[in-house]
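*Asks:* Structural data only, the sequence is not supplied:
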């Protein structure tokens, strides 16, 4: 492997966020556990949105009827099966949890990206950590984000529903593969259409930046990032906005409980 070129590994948004939000060495979260789990739930919605399986219609999340191949089939079926539609924040609240987060960690452990490490406490309880095993996937993510943050503010626009899926189809029609499509897709314009003279950030990378900002992670990993633009992006992109809304409700509940 070329040390100067991090290996590209196709990660879902929940996997990518969780990898970045976990300390490489000790395998512990870089953000509070409640923020970690809440943002993973938002990343699930963002992933399903990018592949065109769901979309925000008014204030409610609805399934589109598309059947893309995804590891999040269970979550998609939950959304499809509800007789009444829910808001994005409500879905974040319903999807967040320890089991969801651990399942995604285990997927990455099975792929050799992180390592499952258990610790015994008091001889009875077992805490599980996931330190990094292969740095290449995270290095590739960090480089993509760094490049995107250097892009013009006009390029950092919220992805459209199905942006990743449509970009892949556009590149395939032009004779390229899905990988070339995601590299050249310009969010906010017709998916799959490259910006003349440069490569605009991928829709998936922009979604990840918005989620990291919502979780309070972006400034920790990229202190030089434009906080104002990142905050605008997190509010403009509906999955990250739902994460911010849910985190705000959690913090308010904690503050109220502390005064009792």
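*Replies:* Yep, that arrived. All values derive from a computational prediction rather than experimental measurement.

*Asks:* drop to CA atoms for contacts and neighbour counts, all remaining ones
*Replies:* Fine.

*Asks:* how about the strands in this protein?
*Replies:* With DSSP state E as the criterion, the chain has strands at 54-57, 60-63, 86-87, 117-121, 125-129.

*Asks:* highest average neighbour count across the ones you listed?
*Replies:* strand 60-63 (a mean of 20; mean count of other Cα atoms under 10 Å).

*Asks:* elements contacting that one?
*Replies:* strand 54-57, helix 73-81, strand 86-87 (3 or more Cα pairs under 8 Å, 6 or more residues apart in numbering; DSSP states H and E).

*Asks:* quick one, helices of the stretch 101-250 of the chain?
*Replies:* Here the stretch 101-250 of the chain has its helices, by DSSP state H, counting those that start in this stretch, at 136-149, 163-173, 178-184, 203-215, 218-221, 227-236, 238-259.

*Asks:* circling back to that earlier point, export the helices and strands packed on strand 60-63 to a markdown table and tack on distance to residue 248 and mean pLDDT?
*Replies:* Putting these into a markdown table (distance: least, Cα to Cα, whole Å; pLDDT from 0 to 100) gives the following:
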| stretch | distance to residue 248 | mean pLDDT |
| --- | --- | --- |
| strand 54-57 | 21 | 96 |
| helix 73-81 | 23 | 94 |
| strand 86-87 | 15 | 97 |
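
*Asks:* Now do the same for residue 260: its pLDDT.
*Replies:* On the pLDDT scale, residue 260 is placed at 71.

*Asks:* now swap in residue 157 and tell me
*Replies:* Looking at residue 157, its pLDDT is 88.

*Asks:* From residue 232, how far off is it?
*Replies:* Distance, residue 157 to residue 232, by Cα to Cα, to the nearest Å: 9 Å.

*Asks:* Those two: who's more crowded?
*Replies:* Neighbour tally, residue 157 and residue 232, criterion other Cα atoms under 10 Å: the higher count belongs to residue 157, 22 against 16.

*Asks:* That one and residue 205 touch, don't they?
*Replies:* No - between residue 157 and residue 205 there is no contact under Cα atoms under 8 Å: 10.9 Å.

*Asks:* Which residue comes closest to residue 130 once chain neighbours are left out?
*Replies:* Closest residue to residue 130 apart from its sequence neighbours, by Cα to Cα, 6 or more residues apart in numbering: residue 27 at 4.3 Å.

*Asks:* ok, now which ones touch the one you found?
*Replies:* Neighbouring residues of residue 27 by Cα atoms under 8 Å, 6 or more residues apart in numbering: 129, 130, 131, 132.

*Asks:* Helix or strand with the lowest mean pLDDT in the protein?
*Replies:* In the chain, the helix or strand scored least confidently by mean pLDDT, DSSP states H and E is helix 178-184, which has a mean of 40.

*Asks:* Compare the helices and strands packed on strand 60-63 and give me the one nearest residue 95.
*Replies:* Residue 95 lies closest to helix 73-81 among the helices and strands packed on strand 60-63, at 7.9 Å (Cα to Cα).

*Asks:* And the contacts of that closest one?
*Replies:* Applying Cα under 8 Å, 6+ apart, the external contacts of helix 73-81 come out as 44, 48, 53, 54, 61, 62, 63, 85, 95.
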